[in-house]
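Undergrad: Let's see this in three dimensions:
(one chain, ligands or ions: 1)
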Amino acid sequence: MNLIDLARKRKTVRKFKDSVVPPLEDILYSIEVAKEAPSGMNAQPWLFYVVKSSKLKEKIRNECEKAEKIFYEKSRGRLKDWLDAHEFSWKKDFLTQAPYLILVFSNKKFPFSRESVWLSIGYLLLALEEKGLATVPYTPPNFREIELILDVPVEYKLEVILPVGYSDDPKSKYERKKLEEIVIFCEEEK
Ligand SMILES: Cc1cc2nc3c(=O)[nH]c(=O)nc-3n(C[C@H](O)[C@H](O)[C@H](O)COP(=O)(O)O)c2cc1C
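TA: Numbering: from 1, shown residues only. The predicted structure follows:
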């Protein structure tokens, strides 16, 4: 499939078939693709934790939901309206429903590490799509607690949790802006 077709097809999925486990090779393939991303100073400041254990997924979910409850109680304004309109709640079933969680970390010691790691996450999302796998880039409110559960080296910061599996989510993809809305051609002089 062309890159444009993959990019157009990819959408965020929050419900997974919990009984069908993707091949580990497909998970590793996606990380192989992610590590080809460019990075500041070629530092490759990324680290990928792959979690399959139900116990560990449960632990991560409990910790995230504790913080999500507080986050939802506090949220106001545009964010709250968006969350309500999309029927989101503090419950994060996808953290235990998805057969795999990929947690992506950035090494704080390198300049531009977050930018670099998010580039690699973009690569990863398209690679998962190529393999027919779905995910949601989930950014929990309490990164530190998750780092502690996994005993991650102190120089690494959690950027995202990607629950990965086969989609069981009929939602359609949200619309994108038109090209002419987001591209500005600059003349030499105004
Ligand atoms: C940086 C970033 C953070 C996100 N955090 C969350 C999140 O915490 N929870 C969630 O359900 N979706 C999260 N998303 C998914 C977005 O809501 C989703 O990509 C967006 O609504 C567009 O939908 P689409 O991916 O289906 O086109 C995040 C996406 C990005 C890029």
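Undergrad: Now do the top helix by length along the chain: distance to the chain's middle.
TA: Ranked by residue count and defined by DSSP state H, the top helix of the chain is helix 54-74. Taking the mean C-alpha point of helix 54-74 and that of its whole chain, the gap between them comes to 16 Å (CA atoms, centre = their mean, to the nearest Å).
Undergrad: Next: stretch 121-136.
TA: Between the mean C-alpha point of stretch 121-136 and the mean C-alpha point of its chain there is a distance of 9 Å (CA atoms, centre = their mean).
Undergrad: Now residue 135. Nearest residue, chain neighbours left out?
TA: Counting by CB to CB, 6 or more residues apart in numbering, residue 135 lies nearest to residue 162, which is 4.6 Å off, once chain neighbours are set aside. Placement of C-beta: from N, CA and C, glycine included.
Undergrad: Quick one: residues contacting that neighbour.
TA: Residue 162 makes contact with 101-104, 121, 124-125, 128, 135-138 under the criterion CB atoms under 8 Å, 6 or more residues apart in numbering.
Undergrad: and the ligand, which of those contact it?
TA: Restricting the contacts of residue 162 to those touching the ligand (CB under 6 Å from any ligand atom) yields 136-138.
Undergrad: Highest neighbour count among these?
TA: Comparing these by number of neighbours (other CB atoms under 10 Å), residue 136 comes first, having 21 neighbours.
Undergrad: Can you flag which of the contacts of residue 162 belong to strands?
TA: When the contacts of residue 162 are checked against strands using DSSP state E, the ones located there are 101-104, 135.
Undergrad: ok, is stretch 139-147 in contact with the ligand or not?
TA: Yes: part of stretch 139-147 sits close enough to the ligand to count as contact by CB under 6 Å from any ligand atom, namely residue 139.
Undergrad: and that stretch, how far apart are its ends?
TA: According to CA to CA, to the nearest Å, stretch 139-147 extends 13 Å from its N-terminal end residue to its C-terminal end residue.
Undergrad: What residues of that stretch count as buried?
TA: With burial defined by 16 or more other CB atoms under 10 Å, the residues of stretch 139-147 counted as buried are 140-143, 145-147.
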